[in-house]
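>>> Requesting a structural model of the entry that follows:
(one chain, ligands or ions: 1)
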Amino acid sequence: MKCPNCDKELKQTEGKREKKFCNSTCRSNVWAKLKRQKKENKAPKPTEKSEPTDLNEVQERIAEIEKMLLLPQKYLAYNKRTILESELNKLKFKLIDNQ
Ligand SMILES: [Zn+2]
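The predicted structure is shown next:
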């Protein structure tokens, strides 16, 4: 077993409780990291795009999705493809509505 903070191999003492960290500094570092991650997970993901409202953005997004749909099956999972296709339809309707 290795220390999750510094990757050092941990020496286990027989008969004693299993060591998970090499020292208390590493342990508190790992806990601090976990805490930070939890906080970040709660915040909205910046990569997730909100629905575009600007027509240029809509067109850009459509082009982006169409390009992604051209990817071979092995690069684009079936469920992801379905999601993209429904988003594409919605965007196209939006474009028609605005013309
Ligand atoms: Zn360590």
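
>>> Look up phi and psi at the residue lying farthest from the centre of the chain.
For the chain, the residue at maximal distance from the C-alpha centroid (CA atoms, centre = their mean) is residue 15, at 41.1 Å. Phi and psi for residue 15, reported as degrees, to the nearest 10, are phi 90, psi -10.

>>> Check the gap between it and the ion for me.
22 Å (CB to the ion, to the nearest Å). Yep, even glycine has a C-beta here, placed from its N, CA and C like the rest.

>>> and what of residue 32?
Going from residue 32 to the ion by CB to the ion gives 13 Å.

>>> same thing with residue 37?
18 Å.

>>> Give the burial count for that residue, as a bare number.
Residues near residue 37, counting by other CB atoms under 10 Å, number 10.

>>> pLDDT of the helix or strand harbouring it, averaged?
Using DSSP states H and E, residue 37 sits in helix 24-42. Across helix 24-42, pLDDT averages out at 88.

>>> Buried ones in it, by neighbour count?
Residues of helix 24-42 classed as buried under the neighbour-count rule (16 or more other CB atoms under 10 Å) are 26, 27, 29, 30.
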